[in-house]
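**Student:** Have a look; sequence and predicted model below, questions after that.
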Amino acid sequence: MDTFSLLSSAPSPKVEKTIEVNLGDLEQFFNTMDPSPFHEKDLDHDLEEFIVSWATEYSLHDPLRLVVYLQNRPPGTDAQSVIERAVHNYFAYRAGLNQREFKQLFREGRLSLLIGLVFLTLCLSAGQMANRLHIPGGTIVETSLTIAGWVAMWHPMDVFLYGWWPLRRAGKVYCKLSAIPVEVRYSDVAGARGKFLVHSDV
């Protein structure tokens, strides 16, 4: 195999995706109602939703970078360090919270499954008994109890088949954001509209 073939078969590097945020000053990055120091503050709610929504749009395997444009340089503050620490701490906290929610969901799913199976067994047994005793409307009673039993299984089936996917995906996004490279720039963004901007790649 020649050199050209080796080069052509090599996988192309993934393009880095960039989330760009345009703010007037450092305070806009944080929840102003939170009295904690900057690196412990919650992020602004709209800003958090903005970052998470765009991070979710991209593949988890794509490299991702957060670029923050500040119009005003904060005096006596290393904005790069403050923002990077705040972003990493906040999303690490959200990842931990998500992990607890994930475990709680499966605990509830297992309990719901146990209750549903017991109820389904009782319904099927009662329906068969009603049919065997030839009581009036026994077939209708058996059918109704069978339907009721399977309806009780809807919630655990929903948890184990579908309910955990969005939560797991969100957790992976939070983990990725907890280590995202952060860059602060002090140049104006020409033509910026609104509070936030997004560029899909670099």
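**Tutor:** Done, it's in. Bear in mind that the values here come from a model prediction, so they are computed numbers and not experimental data.
**Student:** so is residue 121 in a helix, a strand, or just coil?
**Tutor:** helix (DSSP: H, G, I helix; E, B strand; the rest coil).
**Student:** try residue 21
**Tutor:** Going by three-state DSSP: residue 21 is strand.
**Student:** does it have beta-bridge partners, and which?
**Tutor:** Residue 21 has these beta-bridge partners by DSSP bridges: residue 68, residue 196.
**Student:** That one: neighbouring residues, count only.
**Tutor:** Neighbours of residue 21 under the rule other C-beta atoms under 10 Å: 23. (Each C-beta comes from the backbone N, C-alpha and C, glycine too.)
**Student:** Distance check, it against residue 181.
**Tutor:** 14 Å (C-beta to C-beta, to the nearest Å).
**Student:** Can you check which residues contact both of these two?
**Tutor:** Common neighbours of residue 21 and residue 181, counting by C-beta atoms under 8 Å, 6 or more residues apart in numbering, are residue 66.
**Student:** which stretches of the chain have low pLDDT?
**Tutor:** Counting by pLDDT under 70, the chain has low-confidence residues at 1-13, 32-41, 187-202.
**Student:** center of it, which residue is that?
**Tutor:** residue 170 (1.6 Å; C-alpha atoms, centre = their mean).
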